[in-house]
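Q: I would like the atomic coordinates for the input below:
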Amino acid sequence: MNNIIEMFKNHQRNRTGTENGTDLDITEHKNNSSFLHQGPIDCKDEEVPLVISYPGPGESDSLLTKNTSTATNPDQYGGVGNGSKSILKPSGNLSSSDRPPSPIASPALSRARRPARRKEGNDAALRASGNSVLSGYFNRSFAETTPVLAPDDSLLPSGTPLLGSSKLAANAIARSEMRHDDESATGAQRGGGMAARLPSSGTLGTLGSARTARTLQEIQDEFLQKVRSSFIEDAMNFSEGTIPQSIVVSIVIGCVCGVVAYAYYYVLDYFLELVWKELPLMLVMDAWPERLHVLWIPLVGFTLSICCGLSIYYLGEPGDLAYTIQCIHSKGYKGTHHIVPMVAASQFTILAGASLGPEAPLVAICAATAGYISRVVFRQTNRNVVRKHTFMGMAGALAAFFGVPLGGSLFALEVASRFGVEYFEHLVESIFAGEVCVVVFRSLAGLPLERIWKIAPTAIGETEPYMILLGAGIGLFGAGLAFLWANFHWRLMDLFRALGLLDDENAYAVPRILLGAVGVVTIGMLVPQTMFWGEWEVGVIATLSPASELPHVWPTTGLIGFEMDSFTNCLIVGFAKLIAISFTVAGGYRGGFIFPFFAAGAAFGRALCFVFPDLSPVIATLCCAAGINVAITRTALSTSLILSFLAGEQFALPAVLAASIVSLFATGYVPFIKSQLARSDIDFSLYYRQNRQPKVQDHA
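A: A predicted model of the protein is given here:
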């Protein structure tokens, strides 16, 4: 105990620079009921309780006293550099203006652990008594943080172990939470309590009351709480956002979304075979003249387009990829009421032969499913945790559909932002959920993970450095094509808007989709290579195979027997595919445009091979496809992985990646998906989970 007294005396003498240092009288109050908490001081193996308090009405000033006269200079209150003020209280009958500015722990006592959280009853006692209490367990360890509440970074004591911008963020939170006017603080002082006062821009400004004053460490723990528990403890408690919980939730979401994706795939595959293979053989092949076989395309196209419009009109808005991204940013999840409309609209879209695929519908469906599991099954309310689980569903859907676990999972996180993966803290768990979903989906469907395009007779065996530069140039070419397409699409949307077909209530869903069907069906009859979403058509386009090898459309010859056998015809397929995509999107169909852009890029890449005969078809098609898709979706990393994996060309990856990155840079200021936003809580994510996030509002 004498060590503590001597420490205070020496410290005060050093501060004043005179021999008239302040003598301190420290009194033990083990049994004082007005103190909310008492903790031991660890100092040279001596443990004594320390409680620091300002008296309420009618209480004495016996705890910590100064034997000198009153002083108004803040430095005479025992402040210890960097603008911090000591916790020592002057004795005597001081006016409220003479009271110390704020209760802040002196570094003379070394570093302090964060005080134990006050219970609700203690908070009530504090408000009743008017006391401002600062107490805790003190030790000499610099690994712990000093309970300091400072208004800006410059006033923090040296050695405060906060990371990067988190320090400034926590202080900003403190200032915002504790800002009150001077009059209310003065009134609290006159009532016997002490208002917490903090320096602001070199002056003492009243920022709050004793009841609301919190230490910087408390704010850090509340906003930026690091997971400190052990794996076993977190597993037993199933703590929110921890690794054990993420493992369990990933497995559940991966399995459920794998089953959902399989059910969607099974229904789609069955009806594709029925509508475009079996029914033509049963109804058309022998009954219609051969020259009229092509009429099957508009018959099926317009009929199923009307069904798509009716499903949107009666079942409600399905929500597209842009809407799913908006929900991720704003709420952290997508409502389950969009699932049935999306299933119906997207199935009709694909069966009609429109240029959108099942990737975006699966993302939307699995995102809504995963959000439901998080909020209802696991009862999660933290928005960022729910968002993580939603990303798990999205990653699982894309990983299962593409058959590329890493690329598909990355795509789900990349597509939410305009420049890279901003929700990086969810990456590993999302990839794990993608792996689980791939296993479940591919096992049920009986599909291996394999290459689906064989662009060249032999795969690229090595990558020369010049090929990377070549890929960058082709990527820039693809970005230019995407820019032209985006401008054409915006003008087409203006046309639909001028005709009064775009409304939030989908009142004109059927007329709108019929106008879109005119473009889709007309182009499909003339150039059958543009029909459908292009996953399997890419292999035909990239190898200049005859139209008879097209996997879905019937008849494959179309109206004029179009073939990709020249530079001009390759350009026609490329531009026709882009126009078909635009009419499909503008018409209100629902689906994804990832594979459609791959198909268009493959056509343009083959056109380049006619101009440069020595150019590798693999590099040309994959890099051009990457350039177009990345410019629209902003997914440079995942697109490169997906294209290289599906083509079985691992040594083409450096060139494809160069094409993707160049395209990302070139179109960085021309975003197509408007809901791709920079996350607003980026300062609160580094190394920490967020347990004071806005909460979701429902569990339905």
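
Q: What are the contacting residues of the helix or strand G434 falls within?
A: In this assignment (DSSP states H and E), G434 forms part of helix 427-445. With contact meaning C-beta atoms under 8 Å, 6 or more residues apart in numbering, helix 427-445 is reached by 246-247, 249-251, 253-255, 257-259, 261-262, 265-266, 366, 388, 391-401, 403, 405-406, 408-410, 412-413, 421, 447-449. Any C-beta I mention is one placed from the backbone N, CA and C, and that applies to glycine too.

Q: Can you say which of the residues you listed are buried?
A: The neighbour-count criterion (16 or more other C-beta atoms under 10 Å) marks 246, 249-251, 253-255, 257-258, 261-262, 265, 366, 388, 391-401, 403, 405-406, 408-410, 412-413, 421 among the contacts of helix 427-445 as buried.

Q: Next up, phi/psi of N382, please.
A: For N382, the backbone dihedrals are phi -70, psi 120 (criterion: degrees, to the nearest 10).

Q: That one against G241, yeah?
A: Yes. At 6.6 Å, N382 counts as touching G241 under the criterion of C-beta atoms under 8 Å.

Q: what's near enough to touch L310?
A: Taking C-beta under 8 Å, 6+ apart, we find L310 in contact with 509-510.

Q: Now do it against A636, distance only.
A: 39 Å (C-beta to C-beta, to the nearest Å).

Q: mind checking the end-to-end distance for stretch 553-563?
A: Counting by C-alpha to C-alpha, to the nearest Å, you get 14 Å between the two ends of stretch 553-563.

Q: Repeat that for stretch 397-412.
A: 9 Å.

Q: Helix or strand with the lowest mean pLDDT in this protein?
A: Least confident element among the helices and strands of the chain, by mean pLDDT, DSSP states H and E: strand 133-134 (a mean of 32).

Q: CA atoms of the helix holding G434 as PDB?
A: The C-alpha trace of helix 427-445 is given here as PDB (Å, rounded to 0.1, in the frame of the first residue of the first chain):
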ATOM      1  CA  LEU A 427     -14.500 -15.400 -47.700                       C
ATOM      2  CA  VAL A 428     -13.300 -18.600 -46.100                       C
ATOM      3  CA  GLU A 429     -16.600 -19.700 -44.700                       C
ATOM      4  CA  SER A 430     -18.300 -19.000 -48.000                       C
ATOM      5  CA  ILE A 431     -15.700 -21.100 -49.800                       C
ATOM      6  CA  PHE A 432     -16.300 -23.900 -47.300                       C
ATOM      7  CA  ALA A 433     -20.000 -23.800 -47.900                       C
ATOM      8  CA  GLY A 434     -19.400 -23.900 -51.600                       C
ATOM      9  CA  GLU A 435     -17.400 -27.000 -51.200                       C
ATOM     10  CA  VAL A 436     -20.100 -28.700 -49.200                       C
ATOM     11  CA  CYS A 437     -22.800 -27.600 -51.800                       C
ATOM     12  CA  VAL A 438     -20.700 -28.900 -54.700                       C
ATOM     13  CA  VAL A 439     -20.400 -32.300 -53.000                       C
ATOM     14  CA  VAL A 440     -24.200 -32.500 -52.400                       C
ATOM     15  CA  PHE A 441     -25.300 -31.200 -55.800                       C
ATOM     16  CA  ARG A 442     -22.900 -33.100 -58.000                       C
ATOM     17  CA  SER A 443     -23.500 -36.300 -56.000                       C
ATOM     18  CA  LEU A 444     -27.300 -36.100 -56.500                       C
ATOM     19  CA  ALA A 445     -27.000 -35.100 -60.100                       C
END
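
Q: Now that helix: average pLDDT?
A: Taken as a whole, helix 427-445 has a mean pLDDT of 96.

Q: elements contacting the lengthiest helix in the chain?
A: Scanning the chain for the longest helix, with DSSP state H as the assignment, gives helix 465-498. With contacts taken as 3 or more C-beta pairs under 8 Å, 6 or more residues apart in numbering; DSSP states H and E, helix 465-498 sits against helix 567-586, helix 594-611, helix 617-633, helix 653-666.

Q: for the helix or strand that it is followed by, which positions count as buried?
A: Proceeding N to C from helix 465-498, the next assigned helix or strand is helix 509-526, under DSSP H and E. Of all the residues in helix 509-526, those buried under the rule 16+ other C-beta under 10 Å are 509-517, 519-525.

Q: tell me the secondary structure for Y669?
A: On the three-state scheme (DSSP: H, G, I helix; E, B strand; the rest coil), Y669 is labelled coil.

Q: so how far is F483 from it?
A: Distance of Y669 to F483, given as C-beta to C-beta: 11 Å.

Q: The two: who's more crowded?
A: Neighbours were counted for Y669 and for F483 using other C-beta atoms under 10 Å; F483 has more, 18 against 7.

Q: Distance-wise, check G558 relative to T303.
A: 19 Å.

Q: When those two are compared, which one has more neighbours?
A: G558 (23 against 15).

Q: so which strand or helix has the more buried one?
A: Here G558, judged by DSSP H and E, is contained in no helix and no strand.

Q: Now stretch 286-293: average pLDDT?
A: Across stretch 286-293, pLDDT averages out at 91.

Q: Quick one: residues contacting G591.
A: G591 neighbours (C-beta under 8 Å, 6+ apart): 346, 349-350, 354, 356-361, 533, 584.
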